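Visitor: quick one: sequence plus predicted model below, questions after.
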Amino acid sequence: MVERIPEEDGVGCSIHPRGTRYNTKRPKGRFVLSTALTTKTEPRVMIKLYIDTRVCGNIHFMRKDRQKATELRRAGTSYKKIYKELGIPTSTLAGWFKNEPWSQEIKNRLSKEVSLSNPKQLELMSRANRERWRIKHEEYREAAIKEFAELKNDPLFLAGLMLYWGEGEKQKKSSQVRLGNSEPEMIKIFYLFLKNVLNIESDKIFAWLLLYPDLVDSVQKNFWSKTTGIPQERFKKSIYIKGRHPTKRLSYGVCTVVVSSRALKERVLKWIELYQDHLRSHAFSLEKKV
């Protein structure tokens, strides 16, 4: 026999003799707690406690030190300090408070205070970061030296490299390999240089057009795609400009090809430097013969 005590203010319970079959499905919106109880009169009894959160609100069954941790956190204490005081792992604290907006505000404030109060630490971190990238860039350039020995006799490699030397963006601070021109054949050769010689994946290469107001965007993209081999979906939004001269105009605008890659930029600039040295050496040997 199951004896139920009616709910009052969202809390109720039932008493089951051990081994009695009963519906164990938890009602929606309720927490169910159960425990075995042995008494002189009822040696085998199971007591189930129901708490209706729709009446009682959200009830958190927390470890004893969570309340203290919450108080410390609300007071603006960092996770590390709470860990030292209560011994609660910082990962546990982060799990407790990660969805609390007030805790995120405290985190942002503490981070700001640390950065302002310890400029030396920030400088050390910044210096270490710069050194890490310096080493990485040097690795890219060393790889370019090895690659140049194999590529320097490839006509398409030299053509693409010379195009970039003359028309490409060569600022060292930029991580973009970018070349623009109004000649479709020039853009086609550079695209083949990237795709066939350097093995850059098509989805890493994109292009955009510089157009005059009376040029139709879709028509120009179709023209440049057909003449260069660059898929139309790789063209970004075109930019329109007003020319200074009313009659001297470019019929199809200017096409710019771009690859965003710090590694590729370092390699291309190093190849140009190496080829300059090669040309100077060759010119010097010719002068000697004369």
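Guide: Sure thing, it's come through.
Visitor: list the helices and strands the host helix or strand of Glu105 packs on?
Guide: In this assignment (DSSP states H and E), Glu105 forms part of helix 101-117. Here helix 101-117 touches helix 64-74, going by 3 or more CB pairs under 8 Å, 6 or more residues apart in numbering; DSSP states H and E. C-beta: built from backbone N, CA, C; applies to glycine.
Visitor: would you tell me what the next helix or strand after the helix it packs on is?
Guide: helix 79-86.
Visitor: what does that next one contact?
Guide: Outside of helix 79-86, the residues within contact range by CB atoms under 8 Å, 6 or more residues apart in numbering are Asp65, Lys68, Ala69, Leu72, Arg73, Thr77, Ile88, Pro89, Thr90, Leu93, Ala94.
Visitor: most widely separated two among those residues?
Guide: Put simply, by CB to CB the two of those set farthest apart are Lys68 and Ala94, 16.8 Å from each other.
Visitor: ok so, going back, now the helix holding Glu105 against helix 64-74, angle please.
Guide: 50 degrees (axes from the mean of the first three to the mean of the last three CA atoms, to 10 degrees).
Visitor: can you pull out the residues in contact with helix 101-117?
Guide: Against helix 101-117 from outside (CB under 8 Å, 6+ apart): Arg73, Arg74, Gly76, Ser78, Phe97, Gln121, Leu122.
Visitor: can you pick out the most distant pair from these?
Guide: The distance between the two most remote of the contacts of helix 101-117 (CB to CB) is 28.0 Å, for Arg74 and Leu122.
Visitor: longest helix in the chain, please.
Guide: Criterion DSSP state H: the longest helix present in the chain is helix 119-151.
Visitor: just want the angle from it to helix 101-117.
Guide: 90 degrees.
Visitor: next SSE downstream of helix 119-151?
Guide: Counting by DSSP H and E, the element after helix 119-151 in chain order, helix or strand, is helix 155-167.
Visitor: for the record, mean pLDDT for that following helix?
Guide: For helix 155-167, mean pLDDT rounds to 95.
Visitor: elements contacting it?
Guide: The elements that helix 155-167 packs onto, with contact taken as 3+ CB pairs under 8 Å, 6+ apart, are strand 176-181, helix 184-192, helix 262-289.
Visitor: low-confidence ranges in the stretch 51-200 of the chain?
Guide: For the stretch 51-200 of the chain, residues meeting the criterion pLDDT under 70 lie at 51-63, 114-118.
Visitor: how about 50 then?
Guide: Scanning the stretch 51-200 of the chain for pLDDT under 50 picks out 53-61.
Visitor: sec struct for Val258, please.
Guide: At Val258 the chain is in strand, as set by DSSP: H, G, I helix; E, B strand; the rest coil.
Visitor: whoops, I mixed them up, Leu209
Guide: Bear in mind the rule, three-state DSSP; under it Leu209 is strand.
Visitor: hang on, it packs against Trp224?
Guide: Yes - counting by CB atoms under 8 Å, Trp224 is a contact partner of Leu209 at 6.6 Å.
Visitor: okay, and the common contacts of those two?
Guide: Common contact partners of Leu209 and Trp224 (CB under 8 Å, 6+ apart): Phe235, Cys255.
Visitor: that older thread, packing partners of the longest helix of the chain?
Guide: Under the contact rule (3+ CB pairs under 8 Å, 6+ apart), helix 119-151 is packed against helix 262-289.
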